[in-house]
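# Structure for the following, please:
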Amino acid sequence: MSAPALDPDLLQAFVAVADHRSFTRAASALNRTQSAVSMQVKRLEERLQAELFHRSTTSVDLSAAGEGLLGYARRILSLNAEAVGRVRAHGTDGRVRLGVMDDYGTLIIPSLLKDFIASYPLIHVEMETGLTSSMTDRLGEAYDLVIAMHPEGRGEGELLRTEQAVWAASAAHRVEELDPLPVALYPQGCLFRSWAMQALDEANRPWRLAFVSHSLSAVEAIAAQGLAVTVVKSGTFPATLRRLTARDGMPRLPGAEIRLHRAQNLSRAASLLADHLVAALRQPAKRTS
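Numbers count the residues shown, from 1 in each chain. From the prediction side, this is the model:
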């Protein structure tokens, strides 16, 4: 004979009585009548063929069977709420406008969006890549969410992870030995551009701007051919390039922070995507000794 099914409504009444040690207070908490709560507990006892409470005129106490059931009841109700929430969220629709840096938009975000859309197929995400320094100024107007890069210790938004700016060059050419040093960078407004120029100037290293492009792939292609050095994030360092350090005569570059910016009054769809990105991208907190 199969085990009796446990109705969540009956379990909810049982847990309320167990928590409040009173049918009257449980009924008030559930916004039901006392007789309805008593009937639900009685039905549960009949279904389980066990007495769940010891009742008296002054108290209501759990029986041994009730104590054994209580933990399971809480877990069943928790799973029930989680399942209902997931199914309802699955049906959430809407449009989310996401702005993100070119390298993250190319190498990291696509797989995260694939997982998100699998869970929320009715949400349409519109992603734009580019210089995020100007995107944050248009948050709410043109973007619901922006993943942007900031100098370490500066910038608003929700910290996701830290990155280190590093020099990169062709694996087959010693372009870093040229004088002046040819550099491939991004347009004005890019942190890497200003950091690279400042670092080279402070190191008294002669250099020339050999290539400028909004395109990450174009800049990396120029570097891969040995036509210039460039600057990339350590976390998305291209396999086709070679890392340059102080041993190669290159000055150290600053660290950066990747932060998520949310527009005010986010839609349910945008909030779901924001939470998904935070869960996927946030680095574990560093342990302190």
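# Distance from stretch 37-55 to the middle of the chain?
Here stretch 37-55 is found 44 Å from its chain centre; the criterion is Cα atoms, centre = their mean, to the nearest Å.
# got the contact list for that stretch?
Stretch 37-55 is touched from outside by 4-7, 9-11, 13-14, 16-18, 23, 26-27, 30, 60-63, 65-66, 69, with contacts defined as Cβ atoms under 8 Å, 6 or more residues apart in numbering. Every residue, glycine included, has its C-beta placed from N, CA and C.
# taking the residues you listed one by one, which sit in strands?
Among these, the ones falling in strands (DSSP state E) are 60-62.
# Same list, these, but as TSV with neighbour count please.
Below are these laid out as TSV (neighbours: other Cβ atoms under 10 Å):
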residue	neighbour count
Val60	19
Asp61	12
Leu62	17
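# are any of the contacts of stretch 37-55 buried, and which?
6, 10-11, 13-14, 16-18, 23, 26-27, 30, 60, 62, 66, 69 (16 or more other Cβ atoms under 10 Å).
# Keep only those of those that are in helices.
Using DSSP state H, the subset of the buried ones among the contacts of stretch 37-55 located in helices is 10-11, 13-14, 16-18, 23, 26-27, 30, 66, 69.
# Could I get the residues you listed in a markdown table, plus columns for distance to Leu266 and pLDDT?
Shown next, in a markdown table, are these (distance: Cβ to Cβ, whole Å; pLDDT from 0 to 100):
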| residue | distance to Leu266 | pLDDT |
| --- | --- | --- |
| Leu10 | 38 | 92 |
| Leu11 | 34 | 92 |
| Ala13 | 36 | 92 |
| Phe14 | 38 | 92 |
| Ala16 | 34 | 90 |
| Val17 | 39 | 91 |
| Ala18 | 38 | 90 |
| Phe23 | 42 | 90 |
| Ala26 | 37 | 88 |
| Ala27 | 38 | 89 |
| Leu30 | 32 | 87 |
| Gly66 | 43 | 91 |
| Leu69 | 41 | 92 |
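# which pair in these spans the largest distance?
Farthest-apart pair in those is Ala27 and Leu69; separation 19.8 Å (Cβ to Cβ).
# Tell me where the model's unsure across the chain.
Applying pLDDT under 70 to the chain flags the ranges 1-2, 89-91, 283-289.
# where does Arg154 fall, helix, sheet strand or coil?
Classification of Arg154 using DSSP: H, G, I helix; E, B strand; the rest coil returns coil.
# any idea how far Glu141 is from Arg242?
Here the criterion is Cβ to Cβ, to the nearest Å. By it, Arg242 lies 41 Å from Glu141.
# cool, and Ile222?
Distance from Ile222 to Glu141, by Cβ to Cβ: 34 Å.
# Between those two, tell me which one has more neighbours.
The neighbour count for Ile222 versus Glu141, taken as other Cβ atoms under 10 Å, is higher for Ile222 (22 against 8).
# Run through the residues that contact the more buried one.
Taking Cβ under 8 Å, 6+ apart, one finds 184, 210-211, 213, 228, 230 in contact with Ile222.
# cool, Phe116 as well?
Taking Cβ under 8 Å, 6+ apart as the test, what Phe116 contacts is 123, 125, 272-273, 276.
# So which of those is surrounded by the most neighbours?
In terms of neighbour count, Leu273 stands highest of the contacts of Phe116 at 25 neighbours, by other Cβ under 10 Å.
# how many neighbours does the nearest residue to that residue once chain neighbours are set aside have?
Distances taken as Cβ to Cβ, 6 or more residues apart in numbering put Val96 closest to Leu273, at 5.0 Å, once the chain neighbours are dropped. Here the number of neighbours of Val96 (other Cβ under 10 Å) works out to 23.
# What's opposite Val96 in the beta bridge?
Assessed by DSSP bridges, Val96 has beta-bridge partners Val125.
# Could you do the one 4 residues further on as well?
Beta-bridge pairing of Val100 under DSSP bridges involves Thr129, Ile147.
# what about it, how many neighbours?
Other residues near Val100 come to 24 when the count uses other Cβ under 10 Å.
# Provide a list of residues in contact with it.
Contacts of Val100 by Cβ under 8 Å, 6+ apart are 109, 127-129, 132, 146-147.
# still on that earlier bit, residues in contact with the residue nearest to Leu273?
Counting by Cβ under 8 Å, 6+ apart, Val96 makes contact with 123-126, 144-145, 267, 269-270, 273.
# Out of the contacts of Ile222, which is nearest to Leu191?
Among these, Thr230 lies closest to Leu191 (Cβ to Cβ), at 13.6 Å.
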